[in-house]
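Asker: coords please:
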Amino acid sequence: MADTSDTRTPAQIEADIRRRREVLAETLDEIGVRVHPKTIVGDARARVVSHVDHTFGRAYVQVNRAVSEVRARFTDEDGAPRLERIVPVALVVVGVVGLLALGTRRRRD
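Answerer: Next up, the predicted model:
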């Protein structure tokens, strides 16, 4: 069986009660801060901003990679343009734009 006798003095008991009240007050203050609407909104906002930053960061890396790949296809190692690849693409773009312009013009008439 456990010893249930208390050998503490009344002053020790009062000091223990005071310490426990202080700890309880601190705990209640922490709970009050955590459940305060401004804290909840701030935490939610921080999570959203973090998620958006992470998403945009990943998108930036992917776009940067795609641009680097395209640049590598249309320039040589020295950074000079590869005309044998640029000219056919430019002709295709001009042709598509021309066809779109003709299609738009025909719809107006």
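
Asker: Which elements pack onto the lowest-mean-pLDDT helix or strand in the chain?
Answerer: Among the helices and strands of the chain, helix 83-108 carries the lowest confidence by mean pLDDT, DSSP states H and E, at a mean of 89. On a contact count with 3 or more Cβ pairs under 8 Å, 6 or more residues apart in numbering; DSSP states H and E, helix 83-108 meets helix 37-74. Every C-beta, even on glycine, is put in place using the N, C-alpha and C of the backbone.

Asker: packing partners for the helix it packs on?
Answerer: Checking 3+ Cβ pairs under 8 Å, 6+ apart, helix 37-74 ends up next to helix 83-108.

Asker: For Gln81, which non-adjacent residue is closest in space?
Answerer: Slight slip there: residue 81 is Pro, not Gln. Counting by Cβ to Cβ, 6 or more residues apart in numbering, the nearest residue to Pro81 once its immediate chain neighbours are dropped is Thr75, at 5.8 Å.

Asker: Would you mark the buried spots in the least confident helix or strand of the chain?
Answerer: For helix 83-108, the neighbour count (16 or more other Cβ atoms under 10 Å) marks no residue as buried.

Asker: Spell out which residues make up each domain of the chain.
Answerer: 10-74, 81-109 (automatic domain parsing).
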